[in-house]
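J.: I'll drop the sequence and a predicted model, then ask my questions.
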Amino acid sequence: MENIGIAKIFQEVAILLEIQGANVFRIRAYRAAAQTIESLGTPAASLVEQGPGRLEQLTGIGKDLAAKICEIVETGELRLLNELTRELPEGLVEMLRIPGLGPKRARQIYDALGVGTLDQLEQAARAGRLQALPGFKATLEKRILKGIADLKRHAGRFLLAEAGAYVGPILETLRAARGVRRLEVAGSFRRRRETVGDLDILVAADHGMAAIAEGFVEHPAVTDVLARGDTRCSVRLAAGLQVDLRIVPLASYGAALHYFTGSKGHNIAIRTRGVKRRLKVNEYGVFRGTRRVGGRREEDVFKAVGLPWIPPEIRENTGEIEAAERDALPHLVQVDDIRGDLQMHTTYTDGLNTLAEMVEACRAKGYAYMAVTDHTQAVRVAGGLNRSAFRKQFREIDRLQRRVSDLRILKSAEVDILGDGQLDLDDATLAELDVVLVSVHSRFNLPKPEMTRRVVRALQHPRVNVLGHPTGRLLGRREPYALDMEEVVKVAANEGVLLEINAQPDRLDLSDSHARLARDAGVKLVVSTDAHRTQELDHMDYGVHQARRAWCEPSDVANTRSWPEFRKLIAR
DNA sequence: GCCGTTTTCGGCCCGACTGTTTTCAGTCG
């Protein structure tokens, strides 16, 4: 059982307990455990192997939950969940994803009407049967029907890049509105998670709040208004993306920014620290009794609970508070630290810009080096190169290099890892490359042991330097292939191979937790754009943020080094 | 169900909006 599967079981338990009306703190414990397991990086199964007590070292996991994790790992299921679903249909879990329908109402509907699936609920609502229940009227019934339709149309999360594009025009309008002093997108967007469920826009204003809210809900991009008040509004855009707006006075901006940035787990931990110091922390500020002791700046909140400011990307309650306490926060890598891009394609294969154009674009970015990594033959759809085509490209690189002194153009290739782990390029050509990048582009559904052997074999080839997009996932479209990441990290550490964080917004592969696993094992990472056109060189930003979420400092990311240092690092 | 500078019991983060309410429960973030 994968971590995500364990987390899902705990989430379902939490929801069913909630519908049962169980103790809210017991429910919260299951939710917290789900989150802990999901962001673990290392498989929970391997912690189970390390013996009793290892799991209990995780925050929020005690004796009981540790035993339940063992049970799931060993049997593939959880008796508690089975018992709960004997009493309540599992379909209720899905029903709770409808806005306006929480545990109490779901229970009420199930008890009174026997409705236990989304489809049954839709039928009941269409037939007007919900209105028969106390506390239900036509408005709520309509809202539920709309919620079901929305859920069917757009259940998923949005790529960070997509969400940013959708919200751009709204931000412009808000920035121009009278009274707006500060503005920022908070939430998971500010934490730079790879996908976001909705967007939280925070505005500081000294006057005209109602007019700002009005302008927001009236924006042409808005198709539905879900809620509107003078300080909080919630809308949906045509694409299905929900956008929330909060307006606070300038004096509360820092506290609100902290609060609405989250994560939820991080906020609870911070507020709990506040309680211990007899402070109340809310989105309006930090208070001792009724006296405000801070809140204009985000730093105020941290300072009040005895901590330095923590970068948003690591506010996941996965150790950042403890690190801040010890004054041991990482000095996270920044996009300006990057000195070269190590994966990109040209018109030699499936790129849209010529080699010369990519070189100019990299110079414009001020890079010290770039690697040209066109595909090898096995990737037929991309028109992969054979050895003679590579020689032709090398000659063009030499010609361009003679004209360019401020940028080192590295001869490289994205060499395909064949089904058995052999490389799709002969040793003589490999020997001519400055950097050898290897990736999997075929036979994605090999069983885990075979896929792991395949990748490990490739990494053990003495010419190999970087493993590209290590899990092959495409966010929202293709699951990662089955790969024992712990094993891959171990081999990469032994062989001195670097692991890539591919900065394509729909890849971001390695994931944050895998990248952190690698970093903690001392494996160096490379952040590369995999650009197929000049504009995509700008994706570096997404990759660097992913590295930041993995707690990476500049020294953890190989392409923050100069080329001579980089070359020393990859020598094997 | 977890946890401990209030330590093995008794706490556990906090506020806004909605709808159906005459003072609040449910939901959401």
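T.: On my side now, so go ahead.
J.: quick one, strands of the stretch 401-550 of chain A?
T.: Assignment of strands within the stretch 401-550 of chain A using DSSP state E, counting those that start in this stretch yields the ranges A:408-416, A:435-439, A:466-467, A:498-502, A:525-528.
J.: how far does stretch A:366-379 stretch from start to finish?
T.: Stretch A:366-379 has an end-to-end distance of 31 Å (criterion: CA to CA, to the nearest Å).
J.: count the neighbours of the nearest residue to residue A:504 once chain neighbours are set aside for me.
T.: Leaving aside its sequence neighbours, residue A:504 sits nearest to residue A:530 (CB to CB, 6 or more residues apart in numbering; 5.2 Å). Just so you know, the C-beta spots here come from the backbone N, C-alpha and C atoms, and that holds for glycine as well. Number of residues near residue A:530 (other CB atoms under 10 Å) recorded here: 24.
J.: tell me who's in contact with residue A:530.
T.: A:343-345, A:468-469, A:502-504, A:507, A:536, A:539 (CB atoms under 8 Å, 6 or more residues apart in numbering).
J.: same question, residue A:128
T.: residue A:141.
J.: 10 Å instead, please
T.: Neighbour list for residue A:128: A:138, A:141 [criterion: CB atoms under 10 Å, 6 or more residues apart in numbering].
J.: likewise residue A:485?
T.: Residue A:485 touches A:41-43, A:452, A:455, A:470-471, A:492, A:499, A:510-511, A:513-514, A:517-518, counting by CB under 10 Å, 6+ apart.
J.: give me the buried subset of the residues you listed.
T.: The neighbour-count test (16 or more other CB atoms under 10 Å) marks A:41-43, A:452, A:455, A:470-471, A:492, A:499, A:510-511, A:513-514, A:517-518 as buried among these.
J.: which ones among these lie within helices?
T.: Under the assignment DSSP state H, the buried ones among the contacts of residue A:485 contribute A:452, A:455, A:492, A:513-514, A:517-518 to helices.
J.: please, which helix or strand holds residue A:28?
T.: helix A:24-38 (DSSP states H and E).
J.: is that helix anywhere near DNA strand B?
T.: Yes - using CB under 7 Å from any atom of the strand, helix A:24-38 reaches DNA strand B at A:25-26, A:28-30, A:33.
J.: what does the stretch 251-400 of chain A put close to DNA strand B?
T.: A:260, A:264, A:267-268, A:271-272, A:274-276, A:278, A:280-284.
J.: tell me which other helices or strands the helix or strand of chain A with the lowest mean pLDDT touches.
T.: In chain A, the helix or strand scored least confidently by mean pLDDT, DSSP states H and E is helix A:138-153, which has a mean of 82. If you count contacts as 3 or more CB pairs under 10 Å, 6 or more residues apart in numbering; DSSP states H and E, helix A:138-153 packs onto helix A:91-95, helix A:103-113, helix A:118-126, strand A:222-228.
J.: how about low-confidence regions in chain A?
T.: Applying pLDDT under 70 to chain A flags residues A:153-156, A:477.
J.: looking at the ones in helices among the buried ones among the contacts of residue A:485, which one is closest to DNA strand B?
T.: residue A:513 (19.7 Å; CB to the nearest atom of the strand).
J.: now the closest one, nearest residue through space, not along the chain?
T.: residue A:41 (3.8 Å).
J.: residue A:507 now?
T.: residue A:469 (5.5 Å).
J.: tell me, how many neighbours does the one you found end up with?
T.: 25.
J.: with the one 5 residues further on instead?
T.: With neighbours defined by other CB under 10 Å, the count for residue A:474 comes to 13.
J.: which residues does it contact?
T.: Residue A:474 neighbours (CB under 10 Å, 6+ apart): A:480, A:504, A:506-507, A:509.
J.: for these, which two are the farthest from each other?
T.: Within the contacts of residue A:474, two members stand farthest from each other by CB to CB: A:480 and A:504, at 14.2 Å.
J.: the two: who's more crowded?
T.: Taking other CB under 10 Å, residue A:480 and residue A:504 do not tie; residue A:504 has more neighbours (22 against 18).
J.: against DNA strand B, how distant is that one?
T.: 28 Å (CB to the nearest atom of the strand, to the nearest Å).
J.: that residue and residue A:543 touch, don't they?
T.: Yes - taking contacts as CB atoms under 10 Å, residue A:504 lies within contact range of residue A:543: 8.3 Å.
J.: what does the residue of the stretch 51-200 of chain A found nearest DNA strand B show for phi and psi?
T.: Proximity to DNA strand B, evaluated over the stretch 51-200 of chain A using CB to the nearest atom of the strand, is greatest for residue A:102 at 2.2 Å. Backbone torsions of residue A:102, given as degrees, to the nearest 10, read phi -110, psi -170.
J.: tell me how many other residues crowd the residue in the stretch 201-350 of chain A that DNA strand B sits nearest to.
T.: Evaluated by CB to the nearest atom of the strand, the stretch 201-350 of chain A has residue A:229 as its residue closest to DNA strand B, separated by 2.2 Å. Residues within reach of residue A:229, counting by other CB under 10 Å, total 13.
J.: sec struct for the closest residue to it other than its chain neighbours, please.
T.: Residue nearest to residue A:229 in three dimensions, not counting chain neighbours: residue A:213, with 7.1 Å by CB to CB, 6+ apart. Here residue A:213 is recorded as helix under DSSP: H, G, I helix; E, B strand; the rest coil.
J.: touching, residue A:213 and residue A:230? I think so.
T.: Yes - assessed by CB under 10 Å, residue A:213 is found in contact with residue A:230 at 5.8 Å.
J.: the more surrounded of the two?
T.: Neighbours per residue, other CB under 10 Å: of residue A:213 and residue A:230, the larger number sits with residue A:213, 22 against 12.
J.: okay, and the beta partners of residue A:204?
T.: residue A:182, residue A:248 (DSSP bridges).
J.: you'd agree it is up against residue A:260?
T.: No - when contacts are counted by CB under 10 Å, residue A:204 is not listed as touching residue A:260 (11.8 Å).
J.: list residues touching both of the two?
T.: Shared contacts of residue A:204 and residue A:260, counting by CB under 10 Å, 6+ apart, come down to A:184, A:246, A:248.
J.: now a ChimeraX select for only the buried ones of the residues you listed.
T.: Buried members of these, defined by 16+ other CB under 10 Å, are picked up in ChimeraX with:
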select /A:184,246,248
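J.: can you redo the shared contacts of residue A:204 and residue A:260 as a markdown table with distance to residue A:375?
T.: Converted to a markdown table, the shared contacts of residue A:204 and residue A:260 look like this (distance: CB to CB, whole Å):
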| residue | distance to residue A:375 |
| --- | --- |
| A:184 | 40 |
| A:246 | 47 |
| A:248 | 51 |
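J.: Serialize the shared contacts of residue A:204 and residue A:260 to TSV and add fields for distance to DNA strand B.
T.: Listed next are the shared contacts of residue A:204 and residue A:260 as TSV, based on distance: CB to the nearest atom of the strand, whole Å:
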residue	distance to DNA strand B
A:184	14
A:246	8
A:248	9
